[in-house]
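# 3D, please:
(2 chains)
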Amino acid sequence: MPTQPDGAKALLRMLLLATLPAAAMLAACSDSDADADGVTTLRMATWAADSGFELERRIISSFEEANPDIRIELIYTPYDYYTEKLLTLSVSGAPPDVFWTITESLPYLASRGVLEDLTDTVAADPEIDESLYFPNALDICTYKDRLYALPRDVACFFTVYNKDIFDEAGVPYPTPDWTWDDFLETGKRLVLDEDGDGRNERFAMTPYLMDVIYQNGGQILGDDGTTAHLDSPETTEALAWWSDTILAHGICPKAQEQQGFGGDLFVTGRAAMTFQGPWMIGWYGEQCDFEWDIVGFPAGAAGPKARLLGLPVGISPRSEHPEEAYRLLKYLTYSEEAQTLQAELGIAMPSRTDIAASEAFSGQDIMPPGIVHFIDAMRNDTVVENVFPFYAPVKKSYQSMMDTVNLGEMTPQEAGEHYQRQVLREIAKARKRGLL
Amino acid sequence: MNGVFRTGSARRREALACYGFILPAILFLLLMAIGPIVASFVISFTYWDVMTPPQWIGLENYREMFLEDDLFRRSLWNTLYFTAFVVPLGTVVPFLVAMLLNSKIRGMHIYRTCFYLPSIVPVVAGSVLWLWLLNPDLGLVNAALGAVGIEGPLWMYSPRWSKMSIILVTIWGMAGGPNMLIYLAGLQGVPRSLYEAAEIDGARWFTRVWNITIPMVSPYILFTLVMGFIQAFQVFTQAYVMTPRGDGGPVDSTLFYVLYLYHKAFRQFEMGYASAMAWVLFVIILTITAIQFKLLGKRIHYG
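Residues are numbered from 1 along each chain as shown, chains lettered A, B, ... in the order given. Prediction:
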């Protein structure tokens, strides 16, 4: 008679079997970057995808060549889930050493201890001359007067115009000192209703941008985050002005008209102008079979203001290799080599003024002559949005405000008042939760 | 061998082995379902952003939800609106399709396949497809409407039509979907003799459907109704896919309850608030389900 396994033993065996896979998984998750050959592995997070990822890899490779003691593991996460993933990694104790940061999330990440405070390190670093960065570039890396990142690239929107359409319509090209009034005058002469059905087939401009609010001296949140200005006369006026270009003058397309024509309205010649950033220049160069050039924004009451956009890169306070992480960070965001390389590879505009103005960026063959106006705008006309840890719901509110006005569902005053109340509630809540 | 009579210790051994076998499943249930459910209830009384320790704030999340949060009310309204259309249509349309597909004609297999096809299409793919069909200027739907002289609406671009667009997409997916299959199986289980008897009595088609078919498949209808409400209240994917960045636009018109819950949890990192929303949703669904059983339970004919 075969002996039956003892019950308790059987139980134990089964428990072991059940937990084995879990144990194996845990073991696989644990860190193993202490290499025997003295090479440190740094993990770096990015949202650059596909070919963009390959280009990032090339910059990283050049860093690895110069620093044979460091190896970089690039981690890709889609932009839409980026901050979420970063937080999850941080909570689970495995944050990347170095990581890209979405500007709007920076205050939140800084206030939650996900970003290392770099203020003293950078101030004490004799190699870094902060004045070489574009004006305001460090502001998008700053929260409550402390520096939490360094800017790898910066940008702002500008106007791109189709010279052929301007010539055909007999309209003079926009000049760097053009204004909102000029924009309206120009725009009305550029629209075209080819089949006479009362609906335009060619528009003057593609979608709105919230830069118009700043061009009129408006704001969303005040400087210290305790006030909101969605219903201020400046903001309301800007909203009214822009929604009129869509609803009253028909020189800008409605949302459905944008999707309706398919593709990029500017490239297909459906829009004579578009607001875009420097990242589109290479693509327009390949796609456009017409002459085009660029110029800054038309000036509103407060000037041709443009929001400063950029890519802050930060370090995790939990990194086990802070010295190596800082070396990588400095290489990406400050070194002439990486900044030049990113310009030459067509990845992005360098955050250093001298390199942006140099042959490496502005002198490239693909650059239209108007690139100088863009550099001027970057030097003189950028504004930094006031962003706080409670920005996510605020952004939702002002986007709804702009959408509802541009759809003609609410007047700018009504929308301003309605969404002002929403944002004020968010401010009150942020105060209670210690997010202000 | 002791034959069929087992000793006490053998029985105990067997019981232990049995627990050993079900232990992985029980552990899984405890760790992955019951644990998080209990945790979410506790978390719903806190402010927790994942990064910093939770702060105990009592009923604050619930107070804010009911008294202050416009978007909570908006999302609840959007969801009720969606449910009000999708539950009745999602019951009646599949039922009619099942009746059609239950008739005895040649090539029925082909028809059944055709009607079932949409429900194999993943919701994400179906939503993207419909986004193009519903394009106000280029889409097939408005082109067809235009052909008969109707100017089509703006569909997903209008806050007035966006919910209707999502209802349309949902019903398209449901018409030949699981509900239809359930009804079809139910219909095939109705004894022919009942119809024959009714025919002999001179009952017309409608009378036969009303007095035989519907009572006979009523348990299936109750099941699909209950499941229909639960699923409708959890609508998420279509709105997430069909609006830019999953915003629930235009102007929050497709911000459904669970989409808003997702925004709260994973865009604004308010886990406490999101947990509280999940529990309110649970109570809503529980109440509606209880009411359905109470109202309809006695009228169900369990043949």
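# Now name the helix or strand holding the most centrally placed residue in chain B.
Geometric centre of chain B, nearest residue: B:Q231, 1.7 Å, by CA atoms, centre = their mean. If you go by DSSP states H and E, B:Q231 is part of helix B:214-233.
# Which residues does the very next helix or strand once past that helix contact?
Next in sequence after helix B:214-233, counting helices and strands by DSSP H and E, comes helix B:237-242. For helix B:237-242, the external contacting residues (CB atoms under 8 Å, 6 or more residues apart in numbering or on different chains) are B:123-124, B:127-128, B:130-131, B:156, B:165-166, B:169-170, B:246, B:248, B:254-256, B:259, B:262. Just so you know, the C-beta spots here come from the backbone N, C-alpha and C atoms, and that holds for glycine as well.
# 7 Å instead, please
Under the criterion CB atoms under 7 Å, 6 or more residues apart in numbering or on different chains, residues B:123-124, B:127-128, B:131, B:156, B:166, B:169-170, B:246, B:248, B:254, B:256, B:259 lie in contact with helix B:237-242.
# nearest spatial neighbour of A:L247, skipping sequence neighbours?
Once flanking residues are discounted, A:L247 sits nearest to A:G408: 5.2 Å by CB to CB, 6 or more residues apart in numbering or on different chains.
# what's the neighbour count on that neighbour?
12 (other CB atoms under 10 Å in any protein chain shown).
# helix or strand for it, which one?
Residue-wise, A:G408 maps onto no helix or strand under DSSP H and E.
# and chain B, what are its domains?
Domains of chain B are assigned by automatic domain parsing as B:8-43, B:62-299.
# Name the stretch among these that sits most buried.
Burial among the domains of chain B, expressed as mean neighbours by mean count of other CB atoms under 10 Å in any protein chain shown, is greatest for domain B:62-299, which shows a mean of 17.
# ends of that domain, how far apart?
End-to-end distance for domain B:62-299: 37 Å, by CA to CA, to the nearest Å.
# for the chain, what spans make up the strands?
In the absence of a named chain, chain A is used. A:40-46, A:70-76, A:98-100, A:142-143, A:146-147, A:150-155, A:158-162, A:203-205, A:271-276, A:292-295, A:306-307, A:309-315, A:382-383 (DSSP state E).
# let's do chain B instead
With DSSP E, the ranges of strands along chain B come out as B:46-47, B:55-56.
# and of the domains of chain B, who's closest to A:L87?
domain B:62-299 (6.8 Å; CB to CB).
# From the chain's centroid, how far away is the closest one?
Its chain's C-alpha centre and that of domain B:62-299 lie 7 Å apart, by CA atoms, centre = their mean, to the nearest Å.
# and if you look at stretch A:95-103?
The answer for stretch A:95-103 is 14 Å, by CA atoms, centre = their mean.
# Just the endpoints, please. Distance across it?
Stretch A:95-103 end-to-end distance (CA to CA) = 18 Å.
# contacting residues around that stretch?
The contact list for stretch A:95-103, computed with CB under 7 Å, 6+ apart, reads A:42-47, A:75, A:82-83, A:86, A:89, A:109, A:114, A:140, A:149, A:309-316, A:318-319, A:321, A:325, A:328-329, A:387.
# Would you mind naming what in the stretch 151-300 of chain B lies close to chain A?
By the rule CB under 7 Å from any CB of the partner chain, the part of the stretch 151-300 of chain B lying against chain A is B:L154, B:Y157, B:P159, B:R245, B:G249, B:P250, B:V251, B:D252, B:F266, B:R267, B:Q268, B:F269.
# Quick check: closest non-adjacent residue to the last one.
Of all residues not flanking B:F269 in the chain, B:D49 sits nearest, at 4.5 Å (CB to CB, 6+ apart).
# ok, now the first one?
Nearest residue to B:L154, sequence neighbours excluded (CB to CB, 6+ apart): B:P136, at 4.7 Å.
# For the strands of chain A, give me a markdown table that also has mean pLDDT and mean neighbour count.
Compiled in a markdown table, the strands of chain A are given as follows (pLDDT from 0 to 100; neighbours: other CB atoms under 10 Å in any protein chain shown):
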| stretch | mean pLDDT | mean neighbour count |
| --- | --- | --- |
| strand A:40-46 | 96 | 21 |
| strand A:70-76 | 95 | 16 |
| strand A:98-100 | 97 | 25 |
| strand A:142-143 | 96 | 20 |
| strand A:146-147 | 96 | 18 |
| strand A:150-155 | 95 | 25 |
| strand A:158-162 | 96 | 24 |
| strand A:203-205 | 91 | 26 |
| strand A:271-276 | 94 | 25 |
| strand A:292-295 | 96 | 22 |
| strand A:306-307 | 96 | 22 |
| strand A:309-315 | 96 | 26 |
| strand A:382-383 | 95 | 21 |
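# Redo those as TSV? Include distance to B:Y183.
TSV is the format used below for those (distance: least, CB to CB, whole Å):
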stretch	distance to B:Y183
strand A:40-46	50
strand A:70-76	46
strand A:98-100	52
strand A:142-143	58
strand A:146-147	64
strand A:150-155	57
strand A:158-162	57
strand A:203-205	50
strand A:271-276	51
strand A:292-295	60
strand A:306-307	56
strand A:309-315	55
strand A:382-383	61
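# I figured B:P94 was touching B:A175, is that so?
Yes - contact between B:P94 and B:A175 holds when scored by CB atoms under 7 Å: they sit 6.0 Å apart.
# where does the residue of the stretch 101-250 of chain B found nearest chain A land on pLDDT?
For the stretch 101-250 of chain B, the residue closest to chain A is B:D137, as judged by CB to the nearest CB, at 3.2 Å. B:D137 carries a pLDDT value of 78.
# any idea how far B:M242 is from it?
17 Å (CB to CB, to the nearest Å).
# which parts of the stretch 1-150 of chain B sit against chain A?
Of all the residues in the stretch 1-150 of chain B, those lying near chain A are B:12-13, B:16-17, B:20-21, B:23-24, B:27, B:47, B:49-52, B:68, B:70, B:135-138, going by CB under 7 Å from any CB.
# how about the helices of the stretch 151-300 of chain A, start to end?
Using DSSP state H, counting those that start in this stretch, the helices assigned to the stretch 151-300 of chain A run over residues A:163-169, A:180-190, A:211-215, A:233-247, A:255-261, A:281-287.
# Could you single out the most deeply buried of these?
Stretch with highest mean neighbour count among those: helix A:211-215 (a mean of 26; mean count of other CB under 10 Å).
# could you say what helices and strands that one packs with?
Counting contacts by 3 or more CB pairs under 7 Å, 6 or more residues apart in numbering or on different chains; DSSP states H and E, helix A:211-215 packs against helix A:233-247, strand A:306-307.
# if we can go back for a sec, so can I have JSON lines of the domains of chain B showing distance to A:D376?
Shown next, in JSON lines, are the domains of chain B (distance: least, CB to CB, whole Å):
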{"stretch": "domain B:8-43", "distance to A:D376": "51"}
{"stretch": "domain B:62-299", "distance to A:D376": "32"}
